[in-house]
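with the sequence up front, the predicted model follows.
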Amino acid sequence: MREDMAKYRRMRGVRLQSFRDLETPPHWAAYDTSLELLGRQEAGLALPKLEEALQGSLAEIESCRAGCEGPEQQQGAEEEEEEGAGRQGGLYEAIAEHWIRVLQCRQRCVSDTATRPGRSFPVLDFLPSQLRRLHEAHALVGNLSQAMENVLSVLLFYPEDEAAKKALNQYQAQLGELRPGLGPREDIQRFILRSLGEKRQLYYALEHLGTNFQDPDPWTPVALIPEALREKLREDQEKRPWDHELPQPKPLTYWKDVLLLEGVTLTQDARQLNGSERAVLDGLLTPAECGILLQLAKDAAGAGARSGYRGRRSPHTPHEHFEGLTVLKAVQLAQAGTVGSQGAKLLLEASERVRTLTQAYFSPERPLHLSFTHLVCRSAIEGEQEQRMDLSHPVHVDNCVLDPDTGECWREPPAYTYRDYSGVLYLNDDFQGGDLFFTEPNALTVTAQVRPRCGRLVAFSSGVENPHGVWAVTRGRRCALALWHTWAPEHREQEWTEAKQLLQEPEEEDEEDEEMPSRDPSPEPPSRRLQRVQDKAGKPPRVREEL
Ligand SMILES: O=C(O)CCC(=O)C(=O)O
Ligand SMILES: [Fe+2]
């Protein structure tokens, strides 16, 4: 059905307005429209839709909860069987059991409401992420009190959320005198209080009565979970929610190399990201490593024109600065003493980590090579953020030229047609806006979003199945390592190999010098070293890729 609909929508002469959707629940319709408007930087127009989506979601949760109090036979047969043992007790046990079922059902309403019709998995953190968008959109149009109410509501879910705390301080500073009574939204306060009360009872029952409880929320405070259960639940949480439904083709090869990298976890798979060949993995870099790479980007930028490092207006938007550093340039700068060599080395190592993971996850049978590696920072230009309509990076496909009107994608130049998998390894989250989003091929309907943070990798196939863009960075500086992989060895990134050789060269030279005392021992300037590496490779330098 969905495919047919998509086909009709793409047909010439058919307009979107020709369709009346009688199936999509109103909160999803409002949610999608709001994302579309936000994607077009129409914060003012998006606000009523965002509010409608949030209120619609809360109303939907209420109506779902009301359905939980029906007679016992409404419960699934499987559960009955599973918990049948409890039925041998007396009246009090039966009442307790019934009440627990009601609570379990009510808690499930959050996931049900967050699951798009026809999809298997809920959008993670549906309510908090709507509140985040609300506070950002209110801030963009200058409604600071409402921005405050919404960011305070985010903090009810996540009291330690650094980005929310920072935004709160900024709003406070901008507002000066606070309106008396300004606090988190009442609807959200009520929702959380009630939900916590229920969770407390369900965790008690889980610990003492051996009943089931799959907490749908990642925000539940640890303090509320009985200590004896925490470790086990943390493990379950990591597996959830694809543990029972995801078919696991060749799980061993799939995970062998991934698990070699300690601390890396799969946070969202393609299903959760509402698409195919997409994944979010966390833990690829430690905070200290992110710090080193951020410092590298900063030092290279600080060296400015002298170093040949390119800091300029973004090629995608006039409202942001854009700095891009290649691995070879990083190593050259390190050799010239302009940046620390630790950063340059880590840049190579991190890109290799990404390659290993991307290959293990998407292409275990066929080697992937890096075709381009780019450390990219996008910075909001202060004073130019009012009513921005543009994106930090417009919707595009990495290996073909997308025609959003027809949904077709032309695999021909100027597209980098040999790109097979893309990866973005994020280094920070202390900026506003800048989420990555995926869309349908119409470049309008947002299907998933990813919030950057240190050590988070979003990896995806580079074809038409993954159109994506980046929302405007409206405050601060967003840095990430962008990488593209190819199956074609002839498109392997030559500069990456050169950079690696250059890094190893001093040791090799020492050895060579010992063996060949007749060689001129005078140190070479970096540029001549580079020249020699290129000669060794025996090929003329290829024109480097751009974004
Ligand atoms: O930085 C990101 O999140 C994505 C960038 C991107 O899509 C690109 O450079 O092609
Ligand atoms: Fe891209």
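Everything's here; your move. Model, not experiment: these values are computed from the prediction. Ligands and ions are numbered 1, 2, ... in the order given.

buried residues in whichever strand or helix holds residue 292?
Residue 292 is part of helix 287-307 when elements are defined by DSSP states H and E. Residues of helix 287-307 classed as buried: 289-290, 292-294, 296-301, 303, 307 (neighbour count, 16 or more other CB atoms under 10 Å). To be clear about C-beta, it is placed using only N, CA and C from the backbone, and glycine gets the same treatment.

between the residues you listed, which is nearest ligand 1?
residue 297 (13.4 Å; CB to the nearest ligand atom).

tell me the contacts of the closest one?
Contact analysis of residue 297 by CB atoms under 8 Å, 6 or more residues apart in numbering lists 323, 325, 375, 377, 427, 479.

list phi and psi for the first one.
Spelled out, that is residue 323. phi -120, psi 130 (degrees, to the nearest 10).

test my guess that it contacts residue 329.
No. Between residue 323 and residue 329 there is no contact under CB atoms under 8 Å: 11.1 Å.

hmm, back to that, closest one to residue 448 out of the buried residues of helix 287-307, please.
Among the buried residues of helix 287-307, residue 290 lies closest to residue 448 (CB to CB), at 23.3 Å.

please name the nearest non-neighbouring residue to that closest one.
residue 454 (3.9 Å; CB to CB, 6 or more residues apart in numbering).

helix or strand for the one you found, which one?
Using DSSP H and E, no helix or strand contains residue 454.

let me see the confidence value for it.
At residue 454, the model reports a pLDDT of 95.

distance check, it against residue 352.
18 Å (CB to CB, to the nearest Å).

the two - which one has more neighbours?
residue 454 (23 against 15; other CB atoms under 10 Å).

that one touches residue 428, doesn't it?
Yes. At 5.9 Å, residue 454 counts as touching residue 428 under the criterion of CB under 8 Å.

quick one: common contacting residues for the two?
residue 290.

doesn't residue 330 belong to a strand?
No. Using DSSP: H, G, I helix; E, B strand; the rest coil, the assignment for residue 330 is helix, not a strand.

contacting residues around it?
Residue 330 neighbours (CB under 8 Å, 6+ apart): 296, 300, 339, 343-344, 347, 375, 499.

can you pull out the helices in the stretch 151-300 of the chain?
162-175, 186-208, 227-239, 251-260, 287-307 (DSSP state H, counting those that start in this stretch).

tell me the pLDDT at the residue in the stretch 151-300 of the chain positioned nearest to ligand 1?
Nearest residue of the stretch 151-300 of the chain to ligand 1, counting by CB to the nearest ligand atom: residue 280, 11.5 Å away. The per-residue pLDDT reported for residue 280 equals 92.

who does it bridge with?
Beta-bridge partners recorded for residue 280 (DSSP bridges): residue 268, residue 458.

quick one: residues contacting it.
By CB under 8 Å, 6+ apart, the neighbours of residue 280 are 266-268, 273, 450, 456-459.

try 7 Å
267-268, 273, 450, 456, 458 (CB atoms under 7 Å, 6 or more residues apart in numbering).

same check on residue 276?
Taking CB under 7 Å, 6+ apart, one finds 270, 465 in contact with residue 276.

ok, now with 10 Å
When contacts are counted by CB atoms under 10 Å, 6 or more residues apart in numbering, residue 276 touches 270, 460-461, 463, 465-466.

helices - which of these land there?
If you go by DSSP state H, the contacts of residue 276 have nothing in helices.

any idea which of those has the most stuff around it?
Of the contacts of residue 276, with other CB under 10 Å as the count, residue 460 tops at 27 neighbours.

how close does that residue get to residue 453?
Taken as CB to CB, the span from residue 460 to residue 453 is 17 Å.

cool, residue 37 as well?
25 Å.

looking at these two, which is more packed in?
Shown here are residue 37 and residue 453; by other CB under 10 Å, residue 37 has more neighbours (19 against 15).

the more buried one against residue 46, yeah?
Yes. Residue 37 is within contact range of residue 46, at 3.7 Å (criterion: CB atoms under 10 Å).

what touches both of those two?
residue 137.

can you tell me if stretch 444-463 touches ligand 1.
No. Using CB under 6 Å from any ligand atom, stretch 444-463 never reaches ligand 1; the gap is at least 6.7 Å.

no further questions, thank you.
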